[in-house]
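# here's a sequence, model it:
(4 chains)
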4 protein chains.
Amino acid sequence: MTTAAETTARLLITCPDRPGIVSAVTTFLFRHGANITELDQHSTDPSGGRFFMRLEFQTPGLDLADKALEQAFAEDVARRFDMEWHISHAARRPRMAVLVSRHDHALLELLWRWNTGELGVDLAVVISNHPDLRDEVERFGVRFEQVRFTADTQAEAEAGMQAILQDAADFVVLARFMRILSPGFVAQWPARIINIHHSFLPAFVGADPYRQAYERGVKLIGATAHYVTADLDQGPIIEQDTARVSHRFETVDLKQLGRDLERQVLARAVRWHVEDRIIVDGNKTVVFA
Amino acid sequence: MTTAAETTARLLITCPDRPGIVSAVTTFLFRHGANITELDQHSTDPSGGRFFMRLEFQTPGLDLADKALEQAFAEDVARRFDMEWHISHAARRPRMAVLVSRHDHALLELLWRWNTGELGVDLAVVISNHPDLRDEVERFGVRFEQVRFTADTQAEAEAGMQAILQDAADFVVLARFMRILSPGFVAQWPARIINIHHSFLPAFVGADPYRQAYERGVKLIGATAHYVTADLDQGPIIEQDTARVSHRFETVDLKQLGRDLERQVLARAVRWHVEDRIIVDGNKTVVFA
Amino acid sequence: MTTAAETTARLLITCPDRPGIVSAVTTFLFRHGANITELDQHSTDPSGGRFFMRLEFQTPGLDLADKALEQAFAEDVARRFDMEWHISHAARRPRMAVLVSRHDHALLELLWRWNTGELGVDLAVVISNHPDLRDEVERFGVRFEQVRFTADTQAEAEAGMQAILQDAADFVVLARFMRILSPGFVAQWPARIINIHHSFLPAFVGADPYRQAYERGVKLIGATAHYVTADLDQGPIIEQDTARVSHRFETVDLKQLGRDLERQVLARAVRWHVEDRIIVDGNKTVVFA
Amino acid sequence: MTTAAETTARLLITCPDRPGIVSAVTTFLFRHGANITELDQHSTDPSGGRFFMRLEFQTPGLDLADKALEQAFAEDVARRFDMEWHISHAARRPRMAVLVSRHDHALLELLWRWNTGELGVDLAVVISNHPDLRDEVERFGVRFEQVRFTADTQAEAEAGMQAILQDAADFVVLARFMRILSPGFVAQWPARIINIHHSFLPAFVGADPYRQAYERGVKLIGATAHYVTADLDQGPIIEQDTARVSHRFETVDLKQLGRDLERQVLARAVRWHVEDRIIVDGNKTVVFA
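As a prediction, the model looks like this:
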């Protein structure tokens, strides 16, 4: 499962399902000297459905350089099957930006895992609408930027964030960022903003889900990582988990236990995103974990 | 934890919280020869909140007969603390009725657990709006009654059910009963109808939750046992659980896995009800499990 | 995920890993008109490791009959890669035998799931060393055979069982069968006897694991489904699960909760076996679930 | 459940079970003005077993100072029932020492939870047999001491640790400390050293449990927090948990997932210890969580 080898490349494919795809792709790779080490596929329906595939292959034996291989794949395979596809290389680590407000638990979890190297990511910048976490971030040697957000300055703030992000980051993680991003901002990062919501969606959308959970008297609380779309809390779900609670849990206890859930769920979602394990399918995800 | 001893009695109490309750109750029981073998308590707020307590005690050393003990408790303790309370005896097994439509999995689970004796309940009758499960039920030696339900005959059908239930059952389990009971019927069985809903409430209320779950692309499915109130799917939650799914699960797969969840969750809820472990607190439950 | 279609075939492969396997297999299938609908693979090490693959394909477009396809595969692909392999057809349901003693919970779980059709199996016979469960089995319309087992008659009893099984069953499930089978008997059913052990192996091998768990004071109990080998409780593990317990659980409570675990774990293992999702790799399993 | 109030006191009791204990204790507290806000009890057997009780009470209304209350309890109640008991006060936070080697994940988890205040503990000192984690610890403002350990200097090293610990700490946490402590050292800290073992004990005692788990092919890995006794990996278990793995997990993957388990399990165990929720009963624990 350990896929961090510098020589690993990943190919993700989506296309209409029809016979012959796997044969065509694997034969192409074999002929060009790629050694396939992982292969997952999924079809929503073998007759007229969508087909999804993820391959990992080792690159040392390739007979073509990266660009040439991509061009050959486009011409020899992708065109014929009407594929959306891309190839990524584990050696070129994606650049992550984190947006955060005042809660530090999700941010710290990502900082730790980035620091151990287990996330396979570069941490480009942490942006916050508050100054509180600057020291915490900077002592990891990570860039911290504060962007002031008010109801009146949302457009300006988002423009400031975009200026920071556009050349620095490949994707964005909302690690308990308490401002709602505008559809315009979100549209610049399609399937590239990951949010952690502190409930088992679609239960308890909107504000203060732990208070909502307390009032409803649920026996499990949850956390959900999803891609952000223009519809609040409605984007494609990447990962979820739940934990058992009881009548003894007050809202503060739910929050405390929930922090553990949020950290774990967000860390898994980020890792899968970084390892190109997620394909968005309409408002759902295919996760080859 | 094994509480099925014939000599076990259970005392459930709800009252305004104030100092001295535990002392008064346990001293009363001790003086009358009861040996307390389990005690759970809960307070929503020590200052001005509600207090809940469940005790199990052994009856062989009692100096009063049941009725006399209850009268003494009412006068010596309950009145002073403004208590709602009742005492039940494990030896007097509650009588359960099951309402079912065509799905047999939840019913079979209850039949099997009843048959092993682990539920501590008498199974009075199974009522269905379909004839399909008659043989299955009758070969366990259990009474089966069919009650025809149509949009036009709801009132009549419910009257027929009530006629069967009122002298036969202490509580009712909806084991995937697909008709919505009227508020009038429900009002006759307050906190005595347990339903199994095939989702993690409050997600996916209403019809066909597995289809809803499929369409939303959740990564866990759930099941919820709750008391039935006049508001559909809104009653106090007794127990919930979840199970992991993936993009590979079609609706039929969700249903199949969900059956396992429903069986487990419903069985736990029924057992806790039978053992007097549940106290309803507004629209929530306190479960001393 | 629903793979029960009558037109589904499954190909399982084990061989030394080297480049080109996937390409060769999928191209062979494509050229002969098979439509691949699921593909899983695993390699213990891309350099010099073992390679495992499972494919599901649809047969209606095949240009060869079953035997001819197998022969072509052997000659065109399998020989070249030194493969162990076999093809099974969902339409030819495997025949299951169940061995049981007095506990009925694991047996009943299998009977129910067989009865709903969700196991995809034919239930050939139930064999027991006790007469107790005859009625329970026969009312499902299933053949029941009693075989007397004593310390002195083990060889004879096993010969009797083998006489029943050899023409009737493709694999055997020990659903809490309390006799230890001899190495000689086991050798006749390699990777074709599934046992449910009532602990999280390798914790608590041997007799009475719930008592062992009680005495050790564990906070979780477990269940393990594994293939039976000559070494007691040491065979390749197929599936495991755990459930939370506390100091309140006496041995009888552990047994009761454990029954639920055993039922679920065994049912999953049997289903995966039936769907050809398990490949034995030395003393481990690869499970393409 | 939130019990961190400065006014909260906790009473833990162990004694032979017999009627009248709860009444005597709660009446004593009530008469002296204590308001009981939590009460848990457990009996191994109402006839001749051991009885365990934990109470939380609020102290503002007490009619006696701490020492006088303890003396009165000893004379009026404890002597009569032959109790082992003690009272602790949430306002007097216990002092924790952490022993660590080179793995930082368990230490960081404790540092973070200590830093948020959720552990309710003072962090007195971190001791390591390696210098690696000094900076990490000191930037939290926490004292760090290195103690050199070799096979020849074990006695000296333990004497050095004891000199540091005896006046500084109330209990010790082994957060992946890779040296085995001598029985003599352990005897100085009975039920006051908590270890996190990286397996589901009693499976995989001894060295390198993740490698053992890999070789056995288990489908779940575990972690166990336990009190340290003279017998390695045999002390009373406080808490355990498991996580699902598959054939795709190599040893390095098991370690990575296992770190998450270890962090969660150890954090729960430490919190319960700090909140006086654990009573040792022979080689088991009663945990009133």
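
# the closest residue to A:Gln188 other than its chain neighbours: neighbour count?
Nearest residue to A:Gln188 in three dimensions, chain neighbours excluded: A:Gln162, at 6.5 Å (Cβ to Cβ, 6 or more residues apart in numbering or on different chains). C-beta: built from backbone N, CA, C; applies to glycine. Counted by other Cβ atoms under 10 Å in any protein chain shown, the residues lying close to A:Gln162 total 13.

# do A:Val172 as well
Count around A:Val172 with other Cβ under 10 Å applied: 26.

# next one: A:Trp85
Neighbours of A:Trp85 (other Cβ under 10 Å): 17.

# got the contact list for the closest residue to chain B within the stretch 101-250 of chain A?
Using Cβ to the nearest Cβ, the closest approach of the stretch 101-250 of chain A to chain B is made by A:Gly217 at 3.1 Å. Listed by Cβ atoms under 8 Å, 6 or more residues apart in numbering or on different chains, the contact partners of A:Gly217 are A:247, B:236-237, B:283-285.

# widest-spaced pair of these?
A:His247 and B:Asn283 (12.4 Å; Cβ to Cβ).

# walk me through the domains of chain A.
A:8-89, A:95-287 (automatic domain parsing).

# so which bits of chain A are right by chain B?
Within chain A, the positions adjacent to chain B are A:42, A:200-204, A:216-220, A:222, A:236-242, A:246-248, A:281, A:283-287 by Cβ under 8 Å from any Cβ of the partner chain.

# how about 6 Å then?
Selection of chain A residues close to chain B by Cβ under 6 Å from any Cβ of the partner chain yields A:42, A:202-203, A:216-220, A:237, A:239-240, A:242, A:247, A:284, A:286.

# filter those down to just the ones in strands.
A:42, A:220, A:237, A:239-240, A:242, A:284, A:286 (DSSP state E).

# give the buried residues for the helix or strand containing A:Val270.
For A:Val270, the element it lies in under DSSP states H and E is helix A:251-274. By 16 or more other Cβ atoms under 10 Å in any protein chain shown, the buried positions in helix A:251-274 come out as A:251, A:253-274.

# same question for stretch A:126-135.
Quick answer for stretch A:126-135 (16+ other Cβ under 10 Å): A:126-129, A:133.

# circling back: tabulate the domains of chain A in JSON lines, adding columns for mean pLDDT.
Shown next, in JSON lines, are those (pLDDT from 0 to 100):
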{"stretch": "domain A:8-89", "mean pLDDT": "95"}
{"stretch": "domain A:95-287", "mean pLDDT": "96"}
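
# of these, flag the one that's most buried.
Among those, domain A:95-287 has the highest mean neighbour count (mean count of other Cβ atoms under 10 Å in any protein chain shown), at a mean of 19.

# what about the strands in chain A?
Counting by DSSP E, one finds strands in chain A at the ranges A:8-16, A:35-43, A:50-58, A:84-89, A:95-100, A:122-128, A:144-146, A:171-174, A:193-197, A:220-227, A:237-244, A:278-281, A:284-287.

# closest one to B:Gly120 among the ones you listed?
Closest among those, using Cβ to Cβ: strand A:237-244, at 23.7 Å.

# compute the inter-axis angle for the closest one and strand B:237-244.
Per axes from the mean of the first three to the mean of the last three Cα atoms, to 10 degrees, the angle that strand A:237-244 makes with strand B:237-244 is 140 degrees.

# now do strand A:237-244: everything it contacts.
A:200, A:220-222, A:224-226, A:257, A:261, A:265, A:268-269, A:285, B:217-220, B:242 (Cβ atoms under 6 Å, 6 or more residues apart in numbering or on different chains).

# same check on stretch A:23-33?
Applying Cβ under 6 Å, 6+ apart, the set of residues contacting stretch A:23-33 is A:36, A:57, A:61-64, A:76-77, C:20, C:22-23, C:26-27, C:30.

# now it, how far from the centre of its chain.
Averaged C-alpha coordinates place stretch A:23-33 at 29 Å from its chain's average position (Cα atoms, centre = their mean, to the nearest Å).

# how about the backbone phi and psi for the residue of the stretch 101-250 of chain A closest to chain B?
phi 70, psi 40 (degrees, to the nearest 10).

# kindly provide the distance from it to chain D.
Noted for A:Gly217: a distance of 15 Å to chain D, by Cβ to the nearest Cβ, to the nearest Å.

# list the residues that contact A:Pro125.
No, residue A:125 isn't Pro; it's Val. Contacts of A:Val125 by Cβ under 6 Å, 6+ apart are A:97, A:143, A:145, A:168.

# where's the closest residue to it other than its chain neighbours relative to chain C, distance?
In this structure, A:Val125 finds its nearest non-sequential neighbour in A:Arg143, 4.5 Å apart by Cβ to Cβ, 6+ apart. Here the criterion is Cβ to the nearest Cβ. By it, A:Arg143 lies 38 Å from chain C.

# still on that earlier bit, I'd like the domains of chain A as a markdown table, with distance to D:Leu111 appended.
A markdown table is the format used below for the domains of chain A (distance: least, Cβ to Cβ, whole Å):
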| stretch | distance to D:Leu111 |
| --- | --- |
| domain A:8-89 | 34 |
| domain A:95-287 | 10 |
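
# picking up where we left off before, would you tell me which of the strands of chain A gets closest to D:Glu70?
Nearest of these to D:Glu70, taken as Cβ to Cβ: strand A:237-244 at 36.4 Å.

# strand partners of the closest one, parallel vs antiparallel please.
strand A:220-227 (antiparallel) (DSSP bridges).

# so which residues make contact with the strand it pairs with?
Residues contacting strand A:220-227 (Cβ under 6 Å, 6+ apart): A:191, A:194-201, A:213, A:235-240, A:242-245, A:254, A:258, A:261-262, A:265-266, A:269, B:240.

# quick one: contacts for A:Asn195?
A:174, A:226, A:228.

# contact partners for the first one?
Contacts were defined as Cβ under 6 Å, 6+ apart; by that measure A:Leu174 touches A:99, A:195.

# which residues does it bridge with?
Assigned bridge partners for A:Leu174, using DSSP bridges, are A:Leu99, A:Asn195.

# could you measure from it over to A:His226?
A:Leu174 is 10 Å from A:His226, where distance means Cβ to Cβ, to the nearest Å.

# which residues in the stretch 101-250 of chain A form helices?
A:105-116, A:134-138, A:154-165, A:183-187, A:209-216 (DSSP state H, counting those that start in this stretch).

# any idea which of the domains of chain A gets closest to C:Leu12?
domain A:8-89 (15.5 Å).

# quick one: end-to-end distance for the closest one.
6 Å (Cα to Cα, to the nearest Å).

# how far away from the center of its chain is it?
On Cα atoms, centre = their mean, the centre of domain A:8-89 falls 22 Å from that of its chain.
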